[in-house]
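[1] The following comprises the amino acid sequence and a computationally predicted model.
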Amino acid sequence: MPAQPAPISEACSDVPDDPARPLDTPRLRLGRLARLREHMLEWRVDACVLFDPINIRYATGARNMTPFMHRNPARYLFVPAEGPVVLFEFTGAAHLAEGLETVDEVRPAVTVSAVAADIRVDERAREWADEIAALVRRHCGAGARVGIERQQQAAVRALAGHDLTVVDAQQPVERARARKTPEELRCVRASAEATMAAVRRLEAAIEPGRSENAVWAELHAETIARDGDYVETRLFNSGPRTNPWFQESSPRVIRAGELVALDTDVVGAYGYYSDFSRTFLAGDGRPTAHQRELYRLAMEEIEHNAGLIRPGVRLREIAENAWPIPARYFDSRYFVAVHGCGMTGEYPYVLHAADFEGGYDGEVEAGMVLCVESYIGEPGGGEGVKLENEYLVTDTGVENLTPYPLDPRLSGAV
């Protein structure tokens, strides 16, 4: 197995920041690559072949048509635990990686898909596997363990036919991404600030008579204007469409006195995810007692569960001591109590105690970014409230990275 790479501090100590873009720096990119390699060694993975465009950006800083690449295996990255990083780029896009110190070589990608290859897909799979196997033999030796994510089955079978072992790449990548470097945290904060500005624009646009889609478009517009990437979901709804949750933005017209709820899910500035939720009251009126009660319970859940998070606490301990959801709302609970956040939603997932046997344990570390979730709505019982905050785990507890104001009429502040 290759020797362990230099620690992050050594790998990046002599790399100057780029004054033209002070957050997107060689130090940021090299720090992430070093973390990935550390975790590859921990999980005994000699090389990774990454297809997820988020993971390619994490490892190198290279970005290209992210939503398109989520569904097309037209771009991938070879990362050995030690040795040159090779980016296989989409046709005509090799120039996008120019100047990246994390990429040693750019080659044209071999796209293994029915769309790109049709009846020649098996031939294309063998071509892809032969090239990857040659890189593995050269830089990792015979019998190497190669982590693969999300490739076409024929390609994985063809690669497994070489003298190597194919394993899952997701575990080392997710564990690497879970704890942020100091440079990453600067990007996380910048993304959170930009997304809060986008939510301010959205909130100002919530007017009775406007459609959900028209208001939701304001978040997208401000996100792009502030150099964010895209909004991952369409979780914006009003009135009876706030219950159950996971109803997407629609042409429905918002009415005065209704609740309006959103989940940002923004892949924002510098490619970092900004994930928080708010519920507002439409119009100038006063909320009903039922609306305020739903909101009070959601605030309690967020505050209580955030108070459980600290370095060293076990995921199971958070689940077992989490805020007890009242029975009438339990069946509509959000699917996790807490989840990780970085360049997307990520490791870890902390399930509710009732669901925990279907999950996993682990330990919270300083430098993680975690989102605390709440959804309160009675099944078949009218409206619901969605709240969520994004927290940085510090040495002593948490810091709220998304202190966006709650609706004062619903929270009881006025």
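    On my side now, so go ahead. Note that the structure is a prediction, hence the values are computed from the model and not measured.
[2] Residue 364: what's its closest spatial neighbour, skipping adjacent residues?
    Of all residues not flanking residue 364 in the chain, residue 313 sits nearest, at 5.0 Å (Cβ to Cβ, 6 or more residues apart in numbering). No exception for glycine: its C-beta is placed from N, CA and C like everyone else's.
[3] What does the pLDDT read for the one you found?
    On the pLDDT scale, residue 313 is placed at 98.
[4] Equivalent analysis for residue 96, please.
    97.
[5] Next, give phi and psi for residue 226.
    Residue 226 adopts backbone torsions of phi -100, psi 20, taken as degrees, to the nearest 10.
[6] for the one 5 residues further on, same thing?
    The main-chain torsion angles of residue 231 are listed as degrees, to the nearest 10 and equal phi -110, psi 120.
[7] Surely it touches residue 221?
    No. Contact criterion Cβ atoms under 8 Å: residue 231 and residue 221 do not qualify, at 10.5 Å.
[8] okay, the two: which has more neighbours?
    Legend: neighbour count by other Cβ atoms under 10 Å for residue 231 and residue 221, higher for residue 231 (22 against 14).
[9] sorry, back to before: count the residues that sit near the residue nearest to residue 364.
    Neighbour count of residue 313, defined by other Cβ under 10 Å: 15.
[10] Return the alpha-carbon coordinates of the lengthiest helix in the chain using PDB.
    The single longest helix within the chain, with elements called by DSSP state H, is helix 182-205. The C-alpha coordinates for helix 182-205 follow below in PDB (Å, rounded to 0.1, in the frame of the first residue of the first chain):
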ATOM      1  CA  PRO A 182     -10.500  25.900   8.300                       C
ATOM      2  CA  GLU A 183     -10.600  27.000   4.700                       C
ATOM      3  CA  GLU A 184     -13.800  25.100   4.000                       C
ATOM      4  CA  LEU A 185     -15.500  26.700   7.000                       C
ATOM      5  CA  ARG A 186     -14.800  30.100   5.400                       C
ATOM      6  CA  CYS A 187     -16.700  28.900   2.300                       C
ATOM      7  CA  VAL A 188     -19.500  27.400   4.400                       C
ATOM      8  CA  ARG A 189     -20.000  30.800   6.200                       C
ATOM      9  CA  ALA A 190     -20.000  32.600   2.900                       C
ATOM     10  CA  SER A 191     -22.500  30.300   1.400                       C
ATOM     11  CA  ALA A 192     -24.800  30.600   4.500                       C
ATOM     12  CA  GLU A 193     -24.600  34.400   4.300                       C
ATOM     13  CA  ALA A 194     -25.500  34.400   0.600                       C
ATOM     14  CA  THR A 195     -28.400  32.000   1.100                       C
ATOM     15  CA  MET A 196     -29.800  34.100   3.900                       C
ATOM     16  CA  ALA A 197     -29.800  37.100   1.600                       C
ATOM     17  CA  ALA A 198     -31.700  35.000  -1.000                       C
ATOM     18  CA  VAL A 199     -34.300  34.000   1.700                       C
ATOM     19  CA  ARG A 200     -34.700  37.700   2.600                       C
ATOM     20  CA  ARG A 201     -35.600  38.300  -1.000                       C
ATOM     21  CA  LEU A 202     -38.000  35.400  -1.100                       C
ATOM     22  CA  GLU A 203     -39.600  36.400   2.200                       C
ATOM     23  CA  ALA A 204     -40.200  40.000   0.900                       C
ATOM     24  CA  ALA A 205     -41.900  38.500  -2.100                       C
END
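[11] tell me which residues of that helix are tucked away?
    183-184, 186-196, 198-199, 202-203, 205 (16 or more other Cβ atoms under 10 Å).
[12] Let me see the ranges of the helices in the stretch 251-400 of the chain.
    Here the stretch 251-400 of the chain has its helices, by DSSP state H, counting those that start in this stretch, at 289-306, 315-320, 327-330.
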